[in-house]
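Q: No sequence on hand, only this structure:
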């Protein structure tokens, strides 16, 4: 009885912390192996990688890989598409589409109707881009597709959809809206539900119409959510590490002729993996994540100023 | 009053059109899967089939091996992987929450932020996973890489930190140890967050095609989404998958209708689980809204 407490005292740190160590160590070990160890492979960005010599054995080549990418014809196209689509998706789908749908849904009073509408709003975000690609084929198939039936019926002839990049900026934005605007609206909708309904009653007594109520009550209430979305999405403008580029890869059927309008960093790096162009592709990934980190740090410091509780760190 | 009715008309019109845009494509795919192959070859896709036919489904169920194997495999993957995530992430989340007096809290948190900011990117990750861990073509490559994410850990931490401290205190006064507090007080209260994390992950895993694309060539380890991608990409793949039926690569093979029948089967589980998943998703929004 007397020996035991002394032993505990001696190992006090371990005694106090062993339950926490048991809870954290397995997870941290997995994270370390899966996330941190592969960082070592980033040195490939500065190497002329070949399979025989491996990551460490391959000869160094300085910034050649970066030069190779940034002077290539692909660089401008890929960067323009990635940043461009991410910005358009952010404003047209996550912010514009989400806010619009939330405002409209807020007008609906019947519980049952809200449920029904929400179901169809959310359903597309539950399926993968692979399945959406099947819908794409139904519309765009050059021989059997429904769209070509319509275009030839109204005398426009048939269009080779998977070979004509000029249509794809519109197609991509429409499909992104179709798939993700519903989910985006949920954030705004929950913000609207938090508004004290007496505000609307007071406004109505003062003779404010529906539009005035929206402009003076609903919209101001949505500004904080917009700021949060704007800032959190700003960090992923180049596509995060595991960004879902399914829309650019699956929906387009990875069709080469469409690349001018559809090639983004995700699809570009996938091709680098497939062709074994490891050094250059690693360099692109490294450049992407360095810019990504800078953007996240900037957006986070803005967030800390305007809304500390929403800052990441 | 009149003006308001006109406005509401447009509100409902918007949602009805949107709903049609969601429902119609799936309706058309079902209809195409019920079409006669020769009608599609002769007249193209149509919203209502000229002749109804169950030919594609007869084919599909004659040799159930490939598609159904990938569905079964994906179910196992989608059920197991989120469980691993919940166990690993909740443990870390609890240890760095305000409920714990873990000495390394700050260090763990710093490391998590480090992992949020950095990433090795596609190629280095691929090289390490396949050349050093030898995880290519194994089930581990589905289980481990996404198992722990800083975001999920922080979601748990936020939740645990919001549990009223008085509950923990009351249990401690009653003589409960830290472990007992965790099992008897914290875990039962955490069902909503566990459900949210589990089911969001389950959906992500069900929809996963990237992991197979990067790391797997063994057909037995195809996820259903990747299988469907292959089917869409090449009629050849589909014919090979159904070679054992013994029809050979003849023109009788219902390439088009079979493709859409497969699509119907592959999307069915999500639609069946949708009402259930939706419940957890809207709850997740409420939890996530605090953080985001």
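A: Happy to help now that I have it. Every value quoted in this text rests on a predicted model; they were computed, and no experiment measured them.

Q: the longest helix in chain B is where?
A: helix B:255-291 (DSSP state H).

Q: Okay, buried residues for it please.
A: Of the residues in helix B:255-291, B:255-267, B:270, B:274, B:277-278, B:280-281, B:284-285, B:287-288 count as buried by neighbour count, 16 or more other Cβ atoms under 10 Å in any protein chain shown. C-beta here means a position set from N, CA and C on the backbone, and glycine is covered the same way.

Q: what do you get for stretch A:28-47?
A: A:28, A:30-31, A:33-39, A:41-47.

Q: Okay, now the unreliable bits of the stretch 51-200 of chain B?
A: B:63-64 (pLDDT under 70).

Q: That one: strands as residue ranges?
A: With DSSP state E, counting those that start in this stretch as the definition, the stretch 51-200 of chain B shows no strands.

Q: Show residues contacting stretch A:288-308.
A: With Cβ atoms under 8 Å, 6 or more residues apart in numbering or on different chains as the test, stretch A:288-308 has contacts from A:224, A:227-228, A:231-232, A:234-241, A:265, A:310-313, B:117-119, B:121.

Q: Try it again at 6 Å.
A: A:231, A:234, A:235, A:238, A:265, A:310, A:311, A:312, B:117, B:119 (Cβ atoms under 6 Å, 6 or more residues apart in numbering or on different chains).

Q: Please apply the same query to stretch B:224-233.
A: With contact meaning Cβ under 6 Å, 6+ apart, stretch B:224-233 is reached by A:128, A:130, A:133, B:70-71, B:74, B:207, B:209, B:212, B:237-238, B:259, B:262, B:266.

Q: is it possible to export the residues you listed to CSV including distance to residue B:31?
A: Formatted as CSV, the contacts of stretch B:224-233 follow (distance: Cβ to Cβ, whole Å):
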residue, distance to residue B:31
A:128, 21
A:130, 20
A:133, 18
B:70, 24
B:71, 22
B:74, 26
B:207, 24
B:209, 25
B:212, 29
B:237, 24
B:238, 20
B:259, 13
B:262, 15
B:266, 17
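
Q: Contact residues of the stretch 51-200 of chain A facing chain B?
A: A:104, A:107, A:117, A:120, A:123-124, A:126-128, A:130-131, A:133-135, A:138, A:144, A:146, A:186, A:190 (Cβ under 6 Å from any Cβ of the partner chain).

Q: Pull out the buried residues from those.
A: Listed as buried from these are A:104, A:117, A:120, A:123-124, A:126-128, A:130-131, A:133-135, A:138, A:144, A:146, A:186, A:190; burial here means 16+ other Cβ under 10 Å.

Q: From the centroid of chain A, which residue is nearest?
A: Centroid-nearest residue in chain A, with Cα atoms, centre = their mean: residue A:243, separated by 5.4 Å.

Q: Tell me if I am right that that one is in a strand.
A: No: counting by DSSP: H, G, I helix; E, B strand; the rest coil, residue A:243 falls outside a strand, being coil.

Q: now, which of the residues of the stretch 51-200 of chain A next to chain B lie within helices?
A: Members of those lying in helices (criterion: DSSP H): A:104, A:107, A:117, A:120, A:123-124, A:126, A:130-131, A:133-135, A:138, A:146, A:186, A:190.

Q: Of all pairs in those, which one is the farthest apart?
A: Within these, A:146 and A:190 form the most distant pair, 36.7 Å apart (Cβ to Cβ).

Q: Regarding stretch B:92-103, how distant is the last residue from the first?
A: 13 Å (Cα to Cα, to the nearest Å).

Q: Quick check: residues of the stretch 101-250 of chain B near chain A?
A: Residues of the stretch 101-250 of chain B found near chain A (Cβ under 6 Å from any Cβ) are B:102-103, B:113, B:115, B:117, B:119-125, B:127-128, B:144-145, B:147-148, B:178-179, B:207, B:209, B:225, B:228-229, B:232.

Q: residue ranges for the helices of the stretch 101-250 of chain B, please.
A: Taking DSSP state H, counting those that start in this stretch as the criterion, the stretch 101-250 of chain B carries its helices at B:105-117, B:122-127, B:140-143, B:150-162, B:165-173, B:178-180, B:187-189, B:191-206, B:210-215, B:224-233, B:235-241.

Q: how much does the fifth one deviate in direction from helix B:150-162?
A: Here helix B:165-173 points in a direction 70 degrees away from that of helix B:150-162 (axes from the mean of the first three to the mean of the last three Cα atoms, to 10 degrees).
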